[in-house]
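>>> I need the structure of the sequence given here:
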Amino acid sequence: MTTIVLYALGVLFMAVGVGASIALHELGHLLAAKRFGVKCTQYMVGFGPTVWSRRMGETEYGVKAVPLGGYVRMLGMFPPRDGRRVRADSTGRWSGLIDQARQESQIDIGPQDSDRLFYQRSVPRRLVIMLGGPFMNLLIATLLLAVAIVGFGVQEETRTLSSVSACVIPADVADEVAGQTDEQICASGEYEQAPAARAGLHPGDVVVAFDGETIASWGQLRERIRAAGGRTVPVVVERDGRRLDLTVTPVHERRPQLDSDGNVVRDDDGSPVLVDVGFLGVSPTSELVPQPITSVPRIVGDSLWRTAGVVLNIPQKMVGVAQAAFGDAERDRNGPVSVVGIGRFAGEVTTADGSSAVPIGWVDRFVVLLSLIASLNLALFVFNLIPLLPLDGGHAAGALWEGARRQVARMLRREDPGPVDVARALPLAYGVASLLIGMSVLLIYADLVRPIRLGG
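Sure thing, here's the model as predicted:
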């Protein structure tokens, strides 16, 4: 298949995954609401004009033109003022909007629905209804990650070399030459030849032994290389079914310090801590290694923690997005992206070839696509828990506040204060919604003019 067809298939796969994630999110709300007797008049995927709909029972199911979300229309989302039906007789712009929202919440309620309203349900039941959507996303992410890591595996670095550097590039100039190929950087002759290239190592070589020690993993090889700076040591590699005995002399270089798990150690400002270690100039390949089912909770937890860090830092990261979109700044590879960016990632994954020494297979591509959809669902889970309207977390926060008020009133033997008037928070909800729309537009623009590319 041509590159264009593969790219389109990747984008289509991701579009279906995003649409299914949204639909299942709303299904989480719908199932919980129906289970607790709340009348749901609409279940819609998307916003704007209706493309297709069909009524089944008391609920209209449909798809709308703008696939950037969805909703379930439940009767009685906002309680009437003082427990009565309301009139739009308030003064002031915001008061009028609040009263109008209350009216619209009551308009479809008939006599037969008097006990099927959302605000009448207990606090625990309302929490289940509002959190049913986010937890559906968490369930989707968990299932997809389980399929990916147990059925196929996670990428682990191996003893097979994916690349051999032509020259030694000091760590303090790495940012200056970012984006240039190895050949472009080394062609000037400014940097010395890398020890691995000088010794005759090639991409695809499998390192069998180093400095007299049999090598079982990339982590072991990395430690031996770092400890051999300035010494000439033997290395045994396997190439095309034959074993070759070579010698290498790793040079001393300032490189990032690594912890026991191979992660870069950083100082307080986030910069990597540099130490003097042996440097050879080789990089490992990665291969899928299936994991036990018991590893799923840990991997989901780690992914959830990283996702939360990205989502909760979106406001400050949007500054960098704007600087990249309208200036010369580089996009943060760990920053937020829009649906356009997610589609680009999917297209790049399906068209990635790797190298002749280290090809990328269809299984690798499929696992990455599954992981992308899982990451999206983790982001939807975390994002929707933010306690601000119109997000699910805002409605959940209102229910919790109502429960707390009632508990305090009960302890003080006071009259039940009744339901919390969530409609009063609508001005904040409109502000948050406007902010989210603005952020979405900025991210889409940035992903068009200054996209993050998986290949760097």
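>>> please parse this structure into its domains.
1-37+130-153+296-456, 157-289 (automatic domain parsing).
>>> ends of the last one, what's the gap?
It refers to domain 157-289. End-to-end distance for domain 157-289: 10 Å, by C-alpha to C-alpha, to the nearest Å.
>>> quick one on the thing from earlier: got JSON lines for the domains of the chain, with mean neighbour count too?
Quick note: C-beta positions are derived from backbone N, CA and C, even for glycine. Supplementary listing: the domains of the chain in JSON lines, determined by neighbours: other C-beta atoms under 10 Å:
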{"stretch": "domain 1-37+130-153+296-456", "mean neighbour count": "17"}
{"stretch": "domain 157-289", "mean neighbour count": "16"}
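>>> can you pull out the helices in the stretch 101-250 of the chain?
When secondary structure is read from DSSP state H, counting those that start in this stretch, the stretch 101-250 of the chain shows helices at 123-146, 182-186, 195-199, 218-227.
>>> want to throw the domains of the chain into JSON lines with mean pLDDT?
Formatted as JSON lines, the domains of the chain follow (pLDDT from 0 to 100):
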{"stretch": "domain 1-37+130-153+296-456", "mean pLDDT": "89"}
{"stretch": "domain 157-289", "mean pLDDT": "85"}
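>>> I figured residue 52 was touching residue 61, is that so?
No. In terms of C-beta atoms under 8 Å, residue 52 does not count as a neighbour of residue 61; the distance is 9.1 Å.
>>> more crowded one of these two?
Legend: neighbour count by other C-beta atoms under 10 Å for residue 52 and residue 61, higher for residue 61 (16 against 9).
>>> residues touching that one, list them.
Residue 61 makes contacts with 43, 44, 53, 54, 55, as judged by C-beta atoms under 8 Å, 6 or more residues apart in numbering.
>>> mind putting the domains of the chain into a markdown table with distance to residue 113?
Formatted as a markdown table, the entries for these read as follows, by distance: least, C-beta to C-beta, whole Å:
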| stretch | distance to residue 113 |
| --- | --- |
| domain 1-37+130-153+296-456 | 10 |
| domain 157-289 | 53 |
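>>> rewinding a little: dump the helices of the stretch 101-250 of the chain to a markdown table, plus distance to residue 421.
Formatted as a markdown table, the helices of the stretch 101-250 of the chain follow (distance: least, C-beta to C-beta, whole Å):
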| stretch | distance to residue 421 |
| --- | --- |
| helix 123-146 | 14 |
| helix 182-186 | 63 |
| helix 195-199 | 69 |
| helix 218-227 | 58 |
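>>> and of those helices, who's closest to residue 288?
Nearest to residue 288 among the helices of the stretch 101-250 of the chain is helix 123-146; the distance by C-beta to C-beta comes to 13.6 Å.
>>> name the helices or strands packed onto the closest one?
Packing partners of helix 123-146 (3 or more C-beta pairs under 8 Å, 6 or more residues apart in numbering; DSSP states H and E): helix 3-35, helix 296-312, helix 362-384, helix 392-411.
>>> of all those helices, which one comes closest to residue 344?
Proximity of these to residue 344 was assessed by C-beta to C-beta; the nearest stretch is helix 3-35, lying at 8.1 Å.
>>> other SSEs contacting the closest one?
Using 3+ C-beta pairs under 8 Å, 6+ apart as the contact test, the elements touching helix 3-35 are strand 40-56, strand 59-74, helix 123-146, helix 339-351, helix 362-384.
>>> kindly reformat the ones you listed as a markdown table containing distance to residue 202.
Shown next, in a markdown table, are the helices and strands packed on helix 3-35 (distance: least, C-beta to C-beta, whole Å):
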| stretch | distance to residue 202 |
| --- | --- |
| strand 40-56 | 51 |
| strand 59-74 | 47 |
| helix 123-146 | 35 |
| helix 339-351 | 26 |
| helix 362-384 | 22 |
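>>> closest to residue 184 out of those?
Judged by C-beta to C-beta, the one of the helices and strands packed on helix 3-35 that comes nearest to residue 184 is helix 339-351, at 21.7 Å.
>>> neighbouring contacts of the closest one?
Helix 339-351 has contacts (C-beta under 8 Å, 6+ apart) with 3, 6-11, 13-15, 18, 68, 337, 365, 368-369, 372, 376, 443-444, 447-448, 451-455.
>>> now with 7 Å, please.
For helix 339-351, the external contacting residues (C-beta atoms under 7 Å, 6 or more residues apart in numbering) are 3, 6-7, 9-11, 13-15, 18, 365, 368-369, 372, 376, 444, 447-448, 451-455.
>>> one more: stretch 143-152?
Outside of stretch 143-152, the residues that reach it under the criterion C-beta under 7 Å, 6+ apart are 288, 290-291, 293, 295-296, 299-300, 303, 363, 367, 370-371, 373-374.
>>> you'd agree residue 211 is up against residue 233?
Yes. Residue 211 is in contact with residue 233 according to C-beta atoms under 7 Å; the separation is 4.0 Å.
>>> check contacts around residue 118.
38, 74, 75, 76, 77, 126.
>>> any idea which residue sits dead centre in the protein?
The residue lying closest to the centre of the chain (C-alpha atoms, centre = their mean) is residue 375, at 3.8 Å.
>>> for residue 68, see how far away that one is.
Residue 375 sits at a distance of 18 Å from residue 68 (criterion: C-beta to C-beta, to the nearest Å).
>>> out of the helices and strands packed on helix 3-35, nearest to residue 229?
Set against residue 229 and scored by C-beta to C-beta, the helices and strands packed on helix 3-35 come closest in helix 362-384, at 33.9 Å.
>>> send me the closest one as PDB with only the CA atoms.
What follows is helix 362-384 as a C-alpha-only set of coordinates in PDB (Å, rounded to 0.1, in the frame of the first residue of the first chain):
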ATOM      1  CA  TRP A 362       2.400  -4.300  11.800                       C
ATOM      2  CA  VAL A 363       2.200  -5.700  15.400                       C
ATOM      3  CA  ASP A 364       4.400  -2.800  16.600                       C
ATOM      4  CA  ARG A 365       2.200  -0.300  14.800                       C
ATOM      5  CA  PHE A 366      -1.000  -1.900  16.200                       C
ATOM      6  CA  VAL A 367       0.300  -1.800  19.800                       C
ATOM      7  CA  VAL A 368       1.200   1.800  19.500                       C
ATOM      8  CA  LEU A 369      -2.200   2.700  18.100                       C
ATOM      9  CA  LEU A 370      -3.900   0.800  21.000                       C
ATOM     10  CA  SER A 371      -1.700   2.700  23.400                       C
ATOM     11  CA  LEU A 372      -2.600   6.000  21.900                       C
ATOM     12  CA  ILE A 373      -6.300   5.300  22.300                       C
ATOM     13  CA  ALA A 374      -5.700   4.100  25.900                       C
ATOM     14  CA  SER A 375      -3.700   7.400  26.600                       C
ATOM     15  CA  LEU A 376      -6.600   9.400  25.200                       C
ATOM     16  CA  ASN A 377      -9.000   7.700  27.500                       C
ATOM     17  CA  LEU A 378      -6.800   8.200  30.500                       C
ATOM     18  CA  ALA A 379      -6.700  11.900  29.600                       C
ATOM     19  CA  LEU A 380     -10.500  12.000  29.300                       C
ATOM     20  CA  PHE A 381     -10.800  10.300  32.700                       C
ATOM     21  CA  VAL A 382      -8.500  12.800  34.500                       C
ATOM     22  CA  PHE A 383      -9.800  15.900  32.600                       C
ATOM     23  CA  ASN A 384     -13.400  15.200  33.400                       C
END
